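Student: Sequence and predicted structure are below.
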Number of protein chains: 2
Amino acid sequence: MATQELGGGSLLIAWQLKNKRVLIVGGGQVASGRIESILVADANIILISPKDGLTSRTKLLLEEYPTRITYKNRVFLGPEDLVGIDMVLTAIDDVEKSREIYQLSREAKIPINVADIPDACDFYFGSQVRDGPLQIMISTNGDSPRMAAMIRQRIERCLGGYEGEAVKKAGALRSKLKERAPGVGGKVGKKRMRWMIDICNAWEMEDFTVLDDELIKRLLDEGWEKNRVPKLADIGGSRDKPTIAASPATFVPYAVGAIVGAIGCAFAYRR
Amino acid sequence: MATQELGGGSLLIAWQLKNKRVLIVGGGQVASGRIESILVADANIILISPKDGLTSRTKLLLEEYPTRITYKNRVFLGPEDLVGIDMVLTAIDDVEKSREIYQLSREAKIPINVADIPDACDFYFGSQVRDGPLQIMISTNGDSPRMAAMIRQRIERCLGGYEGEAVKKAGALRSKLKERAPGVGGKVGKKRMRWMIDICNAWEMEDFTVLDDELIKRLLDEGWEKNRVPKLADIGGSRDKPTIAASPATFVPYAVGAIVGAIGCAFAYRR
């Protein structure tokens, strides 16, 4: 065991925000990246920023997600703006105001990230890759945001572009399997998990991309029901169609948000 | 912009736990993985579990980190166990007890992860890679923990093994730079960031691994002071020594913890 390794890091986690309310204070470039990250996490946003502080990107997001973003054309007023809020992200130039919002959030025990003020953050953002349900985060714990972005590019290059689709289809297979063999945890849960792992080990990841409802049905009939692990060909599937290539467009907005986010924690641990 | 992409995900973040207090309830295989993840994040641990529930791995960690882990040989008692706690992780088989701890934590607004009960989690763990200050997390948002582990292996294979060391040296360069040009944010902060980015772009990532105090001093003298961007050779450095290879031992404990962690959120979004 690498004892010396156990320290000097962060706890990388996937925070769940589905249907939660996130307050974003600020409407500039950093804020627009935050808005995208929060929309990805299926949360609703309360955006507080004077209109003249909104970038075109932020305005575009407000137009595209009118039901998910509640916009308030004003500055942060005080504790009343934190009522019913599950997370706070600030991205304003006013350091004093930022620290005030931080203090109020801490008192209300609401997790907060204050852009560019690491000691006023419960958590940091990192460089991110996203391909459908697949999300990858790269953190250098503040040592080098730029290298985090470079490593992200390297990871994007070494992925086949089909992983997100494969993950999605594997997820579809799992939900169909659960319809057939319901119940959470326990014996059936373990058996389902075991079978899914056997399939994942037996198949090429790319094989999953061609799964459709019919093939999933056959895989469950021939595999799960008969306690076997058929290959794609065994259920009449073939990978003749070209690989689904990940559109760079998928990455771009995250890349931008990620680099900006990374800059947000550039000074972490260095103070 | 990939509008359709903005949803169905989580918010991947690097949670800061330095000197915080994390309560871990349970001492089994999942718990041991959690303990490692929390030690990595520089937090102190209160471990609550009857001695007969401790795995050998957990016992080993208790022996190796006596000052960082406070062990209580008993079951979770109630709200009093949450006093002064910043985060709660439970990994016990008792579903009823788990939900009770979840409720109490929610009331106290303490972030909590309950292994195997996704709807009792504020956050999930994912598959992780760690190489020094470099941390990478792979999440499939519950679609396929197994594929998350496979993608982690793929990422490990496509990394050169020197990235962690390069990030560490880049961090050392940044702190030395800050000693010369102090001040957070503002004009000097932007200039520092710009210069660091220029160096990162001009150098091979592997070049950073050979930086030592002397070379860092020369790089700052010849580069920062003269507003130039010298190459490694320009400051008398060379990359003749073999690449620092990442020891697989670094990954293994995290891989185990990560897979276990991933299984913990296997059912997310599928209910």
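Tutor: Okay, I see it.
Student: residue boundaries of the helices in the stretch 1-150 of chain A?
Tutor: A:29-40, A:56-64, A:95-107, A:145-158 (DSSP state H, counting those that start in this stretch).
Student: Same check on the stretch 151-271 of chain A?
Tutor: Assigned by DSSP H, counting those that start in this stretch, the helices in the stretch 151-271 of chain A fall at A:163-180, A:186-202, A:213-219, A:248-264.
Student: what is the orientation angle of the second one with helix B:95-107?
Tutor: To tie it back to what came earlier, the one meant is helix A:186-202. On the basis of axes from the mean of the first three to the mean of the last three CA atoms, to 10 degrees, helix A:186-202 is oriented at 80 degrees to helix B:95-107.
Student: So for helix A:186-202, what gets flagged as buried?
Tutor: For helix A:186-202, the neighbour count (16 or more other CB atoms under 10 Å in any protein chain shown) marks A:189, A:192-193, A:195-197, A:199-200 as buried. Using the backbone N, CA and C atoms, a C-beta is placed for each residue, glycine as well.
Student: one step back: I'd like to know which of the helices of the stretch 151-271 of chain A lies nearest to chain B.
Tutor: Ranking these by proximity to chain B (CB to the nearest CB) places helix A:163-180 first, at 3.0 Å.
Student: Could you name the helices and strands sitting against the closest one?
Tutor: Helix A:163-180 is packed against strand A:127-131, strand A:134-139, helix A:186-202, helix A:213-219, helix B:145-158, with contacts defined by 3 or more CB pairs under 8 Å, 6 or more residues apart in numbering or on different chains; DSSP states H and E.
Student: picking that back up, can you redo the helices of the stretch 151-271 of chain A as JSON lines with mean pLDDT?
Tutor: Listed next are those as JSON lines, based on pLDDT from 0 to 100:
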{"stretch": "helix A:163-180", "mean pLDDT": "95"}
{"stretch": "helix A:186-202", "mean pLDDT": "91"}
{"stretch": "helix A:213-219", "mean pLDDT": "97"}
{"stretch": "helix A:248-264", "mean pLDDT": "45"}
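Student: Any idea which of those gets closest to B:Ala91?
Tutor: For the helices of the stretch 151-271 of chain A, the distance to B:Ala91 is smallest for helix A:186-202, at 15.6 Å, taking CB to CB.
Student: Check the offset of that closest one from the chain's centre.
Tutor: Relative to its chain's centre, helix A:186-202 lies at 25 Å (CA atoms, centre = their mean, to the nearest Å).
Student: Among the buried residues of helix A:186-202, which ones lie close to chain B?
Tutor: Contacts with chain B within the buried residues of helix A:186-202, counted by CB under 8 Å from any CB of the partner chain: A:189, A:193, A:196-197, A:200.
Student: which one of those sits closest to A:Ser56?
Tutor: A:Cys200 (43.4 Å).
Student: who's in contact with A:Tyr65?
Tutor: A:39, A:45, B:6 (CB atoms under 8 Å, 6 or more residues apart in numbering or on different chains).
Student: is it true that the first one touches B:Gly7?
Tutor: It stands for A:Leu39. Yes: using CB atoms under 8 Å, A:Leu39 is in contact with B:Gly7, at 6.5 Å.
Student: Looking at these two, which is more packed in?
Tutor: Neighbour count, other CB atoms under 10 Å in any protein chain shown: between A:Leu39 and B:Gly7, A:Leu39 has more, with 24 against 14.
Student: Find the nearest non-adjacent residue to the more buried one, please.
Tutor: Spatially, and ignoring its direct neighbours in sequence, A:Leu39 is nearest to B:Leu6 (4.1 Å; CB to CB, 6 or more residues apart in numbering or on different chains).
Student: And the one you found, what's its pLDDT?
Tutor: Looking at B:Leu6, its pLDDT is 82.
Student: Repeat that for A:Asp116.
Tutor: A:Asp116 carries a pLDDT score of 82 in this model.
Student: That one: how many residues sit nearby?
Tutor: Residues near A:Asp116, counting by other CB under 10 Å: 22.
Student: before we move on, what about A:Val75?
Tutor: Under the neighbour criterion other CB under 10 Å, A:Val75 is assigned a count of 15.
Student: Next one: it relative to chain B, how far apart?
Tutor: Using CB to the nearest CB, to the nearest Å, one obtains 20 Å as the distance from A:Val75 to chain B.
Student: give me every residue that touches that residue.
Tutor: If a contact means CB under 8 Å, 6+ apart, then A:Val75 has A:48-50, A:97 as its contacts.
Student: any idea how far it is from B:Ser105?
Tutor: Using CB to CB, to the nearest Å, A:Val75 is found at 34 Å from B:Ser105.
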